[in-house]
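[1] Okay, here's the prediction I keep looking at, along with the sequence it came from:
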Amino acid sequence: MKHQDIIFTNSVGEELERILAEFGDKVYVICDDNTKTCVLPLIASASPRVASARVISTPPGDENKNIRSLSMIWEGLQNGGADRHSVIINIGGGVITDMGGFAAATFKRGVRFINLPTTLLSAVDAAVGGKTGINFNGFKNEVGVFKEADAVVISTRFFDTLPLDEVKSGYAEMIKHGLLEGNSALDRLLDYKLNELDVTRLLSLLEESVNVKRRVVEQDPFEKGIRKALNLGHTVGHALESLALERKNPIPHGYAVAWGCVVELVLSHMILEFPSAILHRVAAFVRDNYGAPAIECRDYPKLLEYMRHDKKNSGGRINFTLLSAPGKIEIDRYPADEEILTAMDIFRDLMGI
Ligand code: GLY
């Protein structure tokens, strides 16, 4: 798999002009109804090629990351005369980069595509690394392929208008990358004041964070080994997210990941002697910025059940990525159920629940 071209810039239109001049041929934009109104005009004003592109827009939200929207996109490409030499620009959050990437990877067996993430979460995670797909039959990301974008253009220009909750959601994945990278990267992230939102500083932290993901994906694009490290915080995080969804009180993905990271650091401390002082520092940052999830002891069986359904598991055991210290990664760890529940108890204490 070729390595992705990732460009950090605040002159997005000009950058796209440069890339599109190189790619040539017809341009198609895939976006959702929100990014069509709020973001596309900003880019089109600085890029004639984007301004004259055919635009295919889908309804926003994870509930629309489905076969119906995908079919609309394929239809838009077909009716607009797209061929193998065309180029697609996905403008949006993770739903659009995942679904647009899948549409591009499959239409006529593959069309070039560029991801232009408009949320911090998609910039730091979904837009980079080649996981594409849609939800199917009640399961998230059930159908998809690995296919890296030909280029990813990342800018913080679109983040100033994002609600703080969304910025925090993306920042949780950055904390995860900091934990995987090592002490100094983690320190820089924990020192940042999320409520003050210094965008210039954020861009440099974001660049550092995306590079952590880039390096992991380069080593293991198809998640056979070390890429599983990127699931830190997600085994518990996905369970918290699923429980909240079942109770019709959804929580942002990044909040679930932030809480999941703390539980998994507690497990790391119990099993691999992850330093207690760093665990407490991360827990305090998470408690202060993300609050605490509404969970009680009686939710534990349900949470374990959700963890057991995770794609990464094998032989009915629950797969975790743990750390013996920041940057010291241990994939494929299988703690006992009792250890997971003890970690949940300690987590609730740390969060003051
Ligand atoms: N979101 C984790 C990964 O891309 O592997």
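    Received, thanks.
[2] Report how many residues lie close to whatever residue of the stretch 251-353 of the chain ends up closest to the ligand.
    Nearest to the ligand, among the residues of the stretch 251-353 of the chain, is residue 257, at 9.7 Å (Cβ to the nearest ligand atom). Glycine gets a C-beta too; all of them are placed from N, C-alpha and C. Applying other Cβ atoms under 10 Å, we find 30 other residues in the vicinity of residue 257.
[3] can you give me phi and psi for it?
    Main-chain dihedrals, residue 257, degrees, to the nearest 10: phi -70, psi -40.
[4] same check, this time on residue 273
    With angles defined as degrees, to the nearest 10, residue 273 sits at phi 60, psi 40.
[5] swap in residue 141?
    Torsion angles, degrees, to the nearest 10, at residue 141: phi 50, psi 40.
[6] Which residue, other than its chain neighbours, is closest to it?
    In space, residue 141 comes closest to residue 133 once its chain neighbours are excluded; the distance is 4.7 Å by Cβ to Cβ, 6 or more residues apart in numbering.
[7] ok, the one you found touching residue 139?
    No. Counting by Cβ atoms under 8 Å, residue 139 is not a contact partner of residue 133; they are 10.5 Å apart.
[8] Tell me which of those two has more neighbours.
    Set residue 133 next to residue 139 and count neighbours by other Cβ under 10 Å: residue 133 wins out with 20 against 10.
[9] where along this structure do the strands fall?
    For the chain, applying DSSP state E gives strands covering 5-8, 27-32, 54-58, 87-92, 112-117, 134-136, 139-143, 151-154, 320-325, 328-333.
[10] which of those strands sits most buried?
    Of the strands of the chain, the one with the most neighbours on average (mean count of other Cβ atoms under 10 Å) is strand 87-92, at a mean of 28.
[11] Which strands border that strand, and is each parallel or antiparallel?
    The sheet places strand 87-92 alongside strand 27-32 (parallel), strand 112-117 (parallel), with pairing taken from DSSP bridges.
[12] a markdown table please, covering the ones you listed and showing distance to the ligand and mean pLDDT.
    Formatted as a markdown table, the strands paired with strand 87-92 follow (distance: least, Cβ to the nearest ligand atom, whole Å; pLDDT from 0 to 100):
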| stretch | distance to the ligand | mean pLDDT |
| --- | --- | --- |
| strand 27-32 | 20 | 98 |
| strand 112-117 | 13 | 97 |
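[13] rewinding a little: who's in contact with the residue nearest to residue 141?
    The contact partners of residue 133, taken as Cβ atoms under 8 Å, 6 or more residues apart in numbering, are 98, 99, 102, 141, 142, 143, 144, 145.
[14] Nearest spatial neighbour of the last one, chain-adjacent residues omitted?
    What that stands for is residue 145. Leaving aside its chain neighbours, residue 145 sits nearest to residue 105 (5.2 Å; criterion: Cβ to Cβ, 6+ apart).
[15] Surely that neighbour is in contact with residue 150?
    No. With contact defined as Cβ under 8 Å, residue 105 does not reach residue 150; the gap is 11.2 Å.
[16] lowest average confidence, helix or strand, in this structure?
    Using mean pLDDT, DSSP states H and E, the weakest-scoring helix or strand in the chain turns out to be strand 139-143, at a mean of 86.
[17] Go ahead and name everything in contact with that strand.
    So strand 139-143 is in contact with 62, 98, 102, 131, 133, 134, 135, 136, going by Cβ under 8 Å, 6+ apart.
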